[in-house]
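[1] Below: sequence and its predicted model.
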Amino acid sequence: MPSLFRNTFYISLTQGWQMIMALILFKTATVGLGEAGFGVYTLAMTLMYFVLLFDDFGVTTLVTRDIARSPSRSGPVLAGAMGLKILLVPVSFAFLGVYTALTGPDSVTCRVIWITAVYGLSSSFTQLVFAVFRGHERMQYETLTVLVEKTLSTALCVAAVRARLGLEAFALGFTLAGAVSLGLSLLILRRRFHAAGVRTDIRESRRLFRESLPFGLALFVTYSYGQFSVPILRQMRGDAAVGLYGAAQKLMSFTNLIPMVFATAFFPRLSAVSADREETSRVFTLGLKALFMIAAPLVPGVLLTGDRLILLLADARYAAASAALNVLAFAAALNFFNVFLASLYNAVNRQRLFLAFEAGALACNIVFNLLLIGRFSFMGAAWTTLITETCMFLPAMGWALARLARITEWAVWPRVLAATAVMAVFLAATPGWSVLLAVPAAVAVYAAALLAFRAVSITEIRTQMAALR
């Protein structure tokens, strides 16, 4: 499956660079904006993603799947989706208007929210163009666009903090970079594929919306149960509490890039083989195995280095966030599989069932947020996230293994756990090491243990690398 490994490589490069830029921005924002300012930034970015979701509502996922199945229809499919997104713009802004009217944020917070909302809107259209690249399995064009956007946004935001221009200028850096990203993606689309037409036929838009609705609701519910804690925490405990929770959440959100790499890269292939359960099982197991190799060492790695990570990437003001980081490490590991499961369910047309699982998890999220935040502040939000991910994982994985795909390889799992144990012993034996030294050394120890326990072989690595050429 050469194209699958090429897809994974390019998406990994995209997310890897995005992570590097995000780490630079994280350090700049936590130290330069302070707990309260970072809390406002966290709230604004949370709402920005809701704006993106309201303007997309699953259209991007539908376009990716339809183009993967029928590449010759790329132009008409994109034109209809563009038209639908334009019609959804007022819905996005209406949501933001209702939120600001009900919560009454101060004038600076309100302006920051609206500036980042514009960024969310441009990102929605950029993601739609990326759907064409993904459907044709040409991920390199998405990589190029993201590299430009993230580099530019990081540079602009860092400059705004260094010059002490305030939160509005900081937020504007994202909006300007988003506009450049949209323009570049449209240029690549025109030169390499076709022009971006727009068809605003109401009947066609209604059909597209109906077909994309299960995807959109699933995305909305998934994001909601991961982010509802932020506005609830702000209303109950204030911006400083959001800043502490946001620091831990943001650090763990960097790990979300990993399952997104696999979900994005594997989705076209899972869609293409969805009629063949045996092939679906093989592809699913391949992705699941790779994710497990990363998720397994993540939890002990964070538990043994989390306090040092907080001090390195933020400062002493955020030391209390390390306790939340420990809880969120378990949630992040479960999220690896939940994100990948979403690709499987979407690829085999079981998105409505997955939505039902997510709706149940969202209900748990709301209940536990209200119960725990009032008593435990940001720690309540962290525990709620773990409970929610667990409520999502258990039924989704259970049903998938019973009805959609089977795991075709079992020997690797205990070997990965053995390698993880070796890495954990190493980290426990080096508590005084700088995290800049401890983490790379732990990664090297873990990689060597994987090879020693035959969880992965040199031949397998060479085969996969050859597939990237």
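    Perfect, I can see it now.
[2] Below-threshold pLDDT in the stretch 101-250 of the chain: ranges please.
    The stretch 101-250 of the chain contains residues with pLDDT under 70 at 200-201, 204, 225-226.
[3] quick one, helices of it?
    Using DSSP state H, counting those that start in this stretch, the helices of the stretch 101-250 of the chain run over 107-135, 139-162, 167-192, 202-227, 229-237, 239-272.
[4] Please verify my assumption that F262 contacts M293.
    No. In this structure, F262 is not within contact of M293 by C-beta atoms under 8 Å, at 11.3 Å. Yep, even glycine has a C-beta here, placed from its N, CA and C like the rest.
[5] tell me the domain ranges of this protein?
    Following automatic domain parsing, one finds the domains of the chain at 2-409, 411-469.
[6] thinking again about what came up before, any chance of a markdown table for the helices of the stretch 101-250 of the chain, columns distance to R282?
    Listed next are the helices of the stretch 101-250 of the chain as a markdown table, based on distance: least, C-beta to C-beta, whole Å:
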| stretch | distance to R282 |
| --- | --- |
| helix 107-135 | 21 |
| helix 139-162 | 21 |
| helix 167-192 | 31 |
| helix 202-227 | 25 |
| helix 229-237 | 37 |
| helix 239-272 | 10 |
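[7] I'd like those helices laid out as JSON lines, including mean neighbour count and distance to A36.
    Listed next are the helices of the stretch 101-250 of the chain as JSON lines, based on neighbours: other C-beta atoms under 10 Å; distance: least, C-beta to C-beta, whole Å:
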{"stretch": "helix 107-135", "mean neighbour count": "22", "distance to A36": "10"}
{"stretch": "helix 139-162", "mean neighbour count": "20", "distance to A36": "15"}
{"stretch": "helix 167-192", "mean neighbour count": "19", "distance to A36": "10"}
{"stretch": "helix 202-227", "mean neighbour count": "19", "distance to A36": "19"}
{"stretch": "helix 229-237", "mean neighbour count": "20", "distance to A36": "11"}
{"stretch": "helix 239-272", "mean neighbour count": "24", "distance to A36": "4"}
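[8] Endpoint to endpoint, stretch 372-380 covers what distance?
    Using C-alpha to C-alpha, to the nearest Å, the end-to-end distance of stretch 372-380 comes to 4 Å.
[9] Can you list the neighbours in contact with stretch 60-80?
    81, 124, 127-132, 134-137, 193-199, 201, 204-205, 208, 211-212, 215, 219, 267-268, 271-272, 346-347 (C-beta atoms under 8 Å, 6 or more residues apart in numbering).
[10] meant to ask about stretch 144-161
    Contacts of stretch 144-161 (C-beta under 8 Å, 6+ apart): 14, 17-18, 21-22, 24-25, 28-29, 32-33, 126, 130, 166, 169-170, 172-174, 176-178, 180-181, 184-185, 188.
[11] and the helix or strand hosting F26 with helix 107-135, angle?
    Assigned by DSSP states H and E, F26 belongs to helix 2-56. In terms of direction (axes from the mean of the first three to the mean of the last three C-alpha atoms, to 10 degrees), helix 2-56 departs from helix 107-135 by 140 degrees.
[12] How about the contacts made by the most centrally placed residue in the chain?
    Compute the mean C-alpha point of the chain, and by C-alpha atoms, centre = their mean the closest residue is N256, 4.7 Å away. Contacts for N256 (C-beta under 8 Å, 6+ apart) come out as A332, N335, V339.
[13] Try it again at 7 Å.
    N335 (C-beta atoms under 7 Å, 6 or more residues apart in numbering).
[14] For the remainder of this discussion, apply numbering that starts at 145.
    Will do, 145 is the new start, and the previous item becomes N400.
[15] So for it, what's the pLDDT?
    pLDDT, N400: 76.
[16] So which residues make contact with stretch 471-487?
    Contacting residues not belonging to stretch 471-487 are listed as 362, 366, 392-393, 396, 399-400, 402-404, 406-407, 410-411, 414, 431-432, 435, 438-439, 442-443, 446-447, 498, 526-527, 529-530, 533-534, 536-537, 540-541, 544 [C-beta under 7 Å, 6+ apart].
[17] Got phi/psi on T552?
    Dihedral angles of T552 (phi, psi; degrees, to the nearest 10) stand at phi -90, psi -10.
[18] Please consider this matter closed, and thank you.
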